[in-house]
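In: Dropping a prediction and its sequence here:
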Amino acid sequence: MAEDGTTDIFVIGGGINGCGIARDAAGRGLSVRLAEMGDLASATSSASTKLFHGGLRYLEYFEFRLVREALIEREVLLRMMPHIAWPMRFVLPYHRDMRFDASAPASRLLAAVMPWMKGRRPDWLIRLGLLMYDTLGGRKILPPTRVLDLTDSPEGAPLKPEFRKAFEYSDCWVEDSRLVVLNARDAAARGAQILTRTKVLEAAPEGRLWRIETENVETGERRIHHARLLVNAGGPWVGDVLRHRVRLNAASGVRLVRGSHIVTRRLFDHDKCYFLQGSDGRIIFAIPYETDFTLIGTTDVEHDDPDTPPVCTPEEQRYLLDFANQYLADPISEADIVWTYSGVRPLYDDGASSATAATRDYTLTLENAGSAPVLNVFGGKITTYRRLAESALEKIGAHFPAMSGPWTANGVLPGGDFPVDGVSAMVGSLRAEYPFLTPFWARRLVRAYGTDARRVLGRATAEEDLGPGFGATLTGAEVAWLMENEYARTADDVIWRRGKLGLRLSDGEVARLEAWMAERRAALTAAAE
């Protein structure tokens with residue numbers, strides 16, 4: 001069996017936490033190898049609600065440290081990736097019968113001191129929460145909260161007439177799976193080795209090193225790797241890796257919670273998101289999505305087995321539709337749903353009574369199997385991935401005393417080297433340089449690739465120079481670039497994780513793309529032999 005060299009760190013898992021840790025470590029001068037059994041971001045990290053947010057509702061659970069850290073991170077991350085993340089305004093319609101989730105500590109506290117409120121969220125408490133949200137993390141880019149009159153405004157037009165007032169506050173959008181890929185690209189540029197479609201079969205201590213056996217799931221090739229430290233960032237499989245690959249009996253546990261979303265036709269004619277609170281105390285978002293659609297989510301449902309693919313069940317679809325219809329003037333139905341998706345959140349098991357109440361904070365545990373250390377990553381939010389990675393490197397610092405210090409707060413991701421408010425200017429300059437681009441096409445490329453959009457287009461002077469067209473502005477040149485630079489292997493990698501053109505392509509167009517990619521993979525393999 002072939003053996004590879006020894007690295008400082010071997011990371012299991014190509015989601016946002018694994019790729020974030022790999023990037024941070026590589027940038028500090030450590031040698032890193034990462035193995036992901038599928039595509040990058042193929043599980044939880046491509047199935048989020050796509051938000052960089054502090055977590056307004058977490059204030060009700062008194063998770064002030066988590067909220068403050070996330071609020072601070074929003075603006076750090078906006079500067080790192082202005083192409084794939086941007087500010088968004090959130091509209092919280094108010095009505096006097098809003099209620100807390102009964103399990104929330106704030107609900108129990110209010111019930112003790114003001115029993116006559118009967119679990120309702122009063123206006124003044126929402127104002128107080130939003131004041132904390134505005135001030136806990138500080139703001140330089142994002143505007144503050146304001147009160148909206150919904151009776152004659154674009155924000156009120158889609159809502160039932162009984163909603164007359166709303167609070168509007170700031171959070172941010174992010175293209176979650178592209179965030180993972182860009183972290184992996186940057187890690188590789190700094191020397192990390194990224195192995196996709198590579199499953200870890202076993203990891204065992206061998207003296208002061210880990211001996212890791214992997215298998216390429218496409219070719220069946222097995223290899224042996226050695227590393228001084230193992231990072232278990234397996235996401236939903238973190239517990240499985242700990243018990244069955246590493247074979248440690250650690251006390252920490254993971255709680256799997258499924259979050260499902262529906263995507264409908266576009267439901268409103270503005271670019272703001274709705275933060276909707278239900279009669280059961282839960283919240284959902286209704287978010288402008290991919291220009292022509294609306295994203296609604298999420299649910300919180302216990303999920304027993306990480307190997308069971310998560311799906312948005314008919315019951316969850318009905319729940320989200322009914323929830324949104326409490327607010328919408330024109331009700332929506334199953335006929336309005338164009339796509340659904342679902343992901344499993346690997347939350348740290350803190351013993352909470354419900355999936356909704358379980359902490360979204362992250363927990364890092366450092367275990368020793370003899371003299372070989374392993375770091376396990378539980379929980380976390382996409383908003384705090386960079387801070388999680390910094391905390392991980394701090395936790396393992398004693399094992400690598402020569403490594404350099406934190407750096408990622410000032411390091412932009414590939415394609416993100418332009419101002420936060422520079423997207424429109426970039427779209428204009430790209431169209432001037434490539435006149436055949438439509439406004440939609442140019443904006444899509446800038447939002448996906450930032451300053452790398454010119455690398456994708458190369459010296460093309462007409463659309464025909466970009467190779468075959470697969471529909472919805474996707475061309476052979478772009479797909480080839482994704483295969484060569486962003487680890488894409490299949491049509492799903494391209495249309496659902498490197499972008500969301502799957503919403504616009506027909507089955508025939510997808511089949512043609514898959515065939516073209518298979519032919520190109522075969523040619524690249526033959527050339528390498």
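Out: Good, I have the coordinates.
In: Tell me how many other residues surround residue 51.
Out: 23 (other CB atoms under 10 Å). Bear in mind the C-beta positions are built from the backbone N, C-alpha and C, glycine included.
In: wait, I meant residue 201
Out: Residue 201, neighbours per other CB under 10 Å, totals 11.
In: That one - that's part of a helix, no?
Out: No - Residue 201 is assigned strand when assessed by DSSP: H, G, I helix; E, B strand; the rest coil, not a helix.
In: for the protein, longest helix please?
Out: Across the chain, the longest stretch assigned as helix under DSSP state H is helix 507-528.
In: Return the helix or strand in this structure with minimum mean pLDDT.
Out: The least trusted helix or strand in the chain, going by mean pLDDT, DSSP states H and E, turns out to be helix 105-113, with a mean of 64.
In: So residue 490 versus residue 479, what's the distance?
Out: Computed as CB to CB, to the nearest Å, the residue 490 to residue 479 distance reads 11 Å.
In: just to revisit the earlier point, dump the longest helix of the chain to CSV, restricted to CA.
Out: Provided in CSV are the C-alpha atoms of helix 507-528 (Å, rounded to 0.1, in the frame of the first residue of the first chain):
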residue,chain,number,x,y,z
ASP,A,507,-32.8,17.8,-16.9
GLY,A,508,-31.4,17.6,-20.4
GLU,A,509,-29.0,20.4,-19.9
VAL,A,510,-27.7,18.8,-16.6
ALA,A,511,-27.3,15.4,-18.4
ARG,A,512,-25.3,17.2,-21.2
LEU,A,513,-23.1,18.9,-18.5
GLU,A,514,-22.5,15.6,-16.7
ALA,A,515,-21.4,13.9,-20.0
TRP,A,516,-19.1,16.7,-20.9
MET,A,517,-17.5,16.7,-17.4
ALA,A,518,-17.1,12.9,-17.5
GLU,A,519,-15.3,13.1,-20.9
ARG,A,520,-13.0,15.9,-19.6
ARG,A,521,-12.2,13.9,-16.4
ALA,A,522,-11.2,10.9,-18.6
ALA,A,523,-9.0,13.1,-20.8
LEU,A,524,-7.3,14.6,-17.8
THR,A,525,-6.7,11.2,-16.2
ALA,A,526,-5.2,9.8,-19.5
ALA,A,527,-3.0,12.9,-19.8
ALA,A,528,-1.7,12.4,-16.3
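In: What mean pLDDT does it get?
Out: Mean pLDDT, helix 507-528: 92.
In: check contacts around residue 301.
Out: 257, 258, 259, 260, 316, 355 (CB atoms under 8 Å, 6 or more residues apart in numbering).
In: Quick check, residue 385 in contact with residue 22.
Out: No - the criterion here is CB atoms under 8 Å, and residue 385 misses it with residue 22 at 11.6 Å.
In: what about residue 86, neighbour count?
Out: Residue 86 has 18 nearby residues by other CB under 10 Å.
In: Wasn't residue 33 part of a strand?
Out: Yes - counting by three-state DSSP, one finds residue 33 located in a strand.
In: how about it, what does it touch?
Out: Residue 33 makes contact with 4, 7, 9, 10, 11, 192, 193, 195, 225, 227, according to CB under 8 Å, 6+ apart.
In: top of those by neighbour count?
Out: Busiest of the contacts of residue 33 [other CB under 10 Å] is residue 11, holding 33 neighbours.
In: I'd like the distance between that one and residue 312.
Out: Distance from residue 11 to residue 312, by CB to CB: 30 Å.
In: Give me the pLDDT value at the closest residue to residue 42 other than its chain neighbours.
Out: The shortest distance from residue 42 to any non-neighbouring residue, by CB to CB, 6 or more residues apart in numbering, is to residue 497 (6.9 Å). The model reports residue 497 with a pLDDT of 97.
In: Run a quick neighbour tally on residue 497.
Out: 27.
In: That one against residue 39, yeah?
Out: Yes - between residue 497 and residue 39 there is a contact under CB under 8 Å: 6.1 Å.
In: what do these two both touch?
Out: With CB under 8 Å, 6+ apart, residue 497 and residue 39 have common neighbours residue 488.
In: where does the stretch 351-500 of the chain have low pLDDT?
Out: By pLDDT under 70, the weakly predicted segments of the stretch 351-500 of the chain are 351-360, 369-370.
In: go again using 50 as the cut-off
Out: 353, 357 (pLDDT under 50).
In: From residue 267, how far off is residue 286?
Out: 7 Å.
In: list residues touching both of those two?
Out: Both residue 286 and residue 267 are contacted by residue 294, under the criterion CB under 8 Å, 6+ apart.
In: Looking at these two, which has the bigger crowd around it?
Out: Between residue 286 and residue 267, counted using other CB under 10 Å, the more crowded position is residue 286 (25 against 18).
In: now that one, what's its secondary structure?
Out: Quick answer, by three-state DSSP: residue 286 is strand.
In: In this structure residue 6 contacts residue 212, no?
Out: No - Residue 6 is beyond contact range of residue 212, at 10.6 Å (criterion: CB under 8 Å).
In: where do the contact lists of these two overlap?
Out: 225, 226, 227.
In: helix/strand/coil for the last one?
Out: It stands for residue 227. The three-state label given to residue 227 by three-state DSSP is strand.
In: that older thread, switch the shared contacts of residue 6 and residue 212 over to CSV, and while doing so, append pLDDT and distance to residue 516 to every line.
Out: Output for the shared contacts of residue 6 and residue 212, formatted as CSV (pLDDT from 0 to 100; distance: CB to CB, whole Å):
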residue, pLDDT, distance to residue 516
225, 97, 33
226, 97, 39
227, 97, 37
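In: all helices of the stretch 401-529 of the chain, in order?
Out: 423-433, 439-449, 453-457, 476-485, 491-492, 507-528 (DSSP state H, counting those that start in this stretch).
In: right, so of the ones you listed, which gets closest to residue 146?
Out: Comparing those against residue 146 with CB to CB, the closest turns out to be helix 423-433 (23.8 Å).
In: buried sites along the closest one?
Out: Buried residues in helix 423-433, counted by 16 or more other CB atoms under 10 Å: 423, 426, 427, 430, 431.
In: that older thread, and the contacts of the longest helix of the chain?
Out: By CB under 8 Å, 6+ apart, the list of residues contacting helix 507-528 reads 468, 470-472, 474, 476, 479-480, 483, 488-491, 494-495, 502, 505.
In: same thing but at 10 Å, please
Out: Residues from elsewhere that reach helix 507-528 (CB atoms under 10 Å, 6 or more residues apart in numbering): 218-219, 467-472, 474, 476, 479-480, 482-484, 488-495, 501-502, 505-506.
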